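1. Predicted model and sequence below, questions to follow.
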Amino acid sequence: QVQLQESGPGLVKPSQTLSLGCTVSGASTTTNSYFWGWIRQPPGKGLEWVGHISWDDNAYYSPTLKSRTSIAKDTSKNQFSLQLTSVAPEDTAVYFCVSGVAGAGWSAWGQGTQVTVSS
């Protein structure tokens, strides 16, 4: 069973870079057919897919966030990360790391971490 745990700062200043990590247990980030992603939920709104990366390092991003987003894996630590540059208050949200097998949806979720963008 895959388990995920987010880490990172809870407060980021406008125009700075948001950096979050996700530690994976129960599977390797290089396991065939697995995807590793980020989803966020702004206050009072629904879930928003940010992007994901595949077991073989193909990354996919939300068109609205693509210019500011980078997702990468650290196979030595069995972790994957999210970087979102030039943040604004609209990026305030609970950020979840997620995983799933191709065609089966996001079956594992981290507990979520609150990130607030404020000066």
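-> Structure's in. What do you need?
2. and the gap between Ala88 and Leu65?
-> The gap separating Ala88 from Leu65 is 12 Å, by CB to CB, to the nearest Å. The C-beta positions use only the backbone N, C-alpha and C, and glycine is treated the same way.
3. of those two, who's got more company?
-> Residue environment comparison for Ala88 versus Leu65 gives the larger neighbour count to Leu65, 16 against 10, counting by other CB atoms under 10 Å.
4. Just the pLDDT for the residue nearest the centre of the chain.
-> Against the mean C-alpha coordinate of the chain, by CA atoms, centre = their mean, the closest residue is Trp38 at 2.7 Å. The predicted local confidence for Trp38 comes out at a pLDDT of 98.
5. My guess is it contacts Ser99. True?
-> No: judged on CB atoms under 8 Å, Trp38 makes no contact with Ser99 at a distance of 10.6 Å.
6. who does the host helix or strand of Gly21 touch, helix- and strand-wise?
-> For Gly21, the enclosing helix or strand under DSSP states H and E is strand 18-25. Here strand 18-25 touches strand 3-7, strand 34-41, strand 79-84, strand 93-101, strand 113-117, going by 3 or more CB pairs under 8 Å, 6 or more residues apart in numbering; DSSP states H and E.
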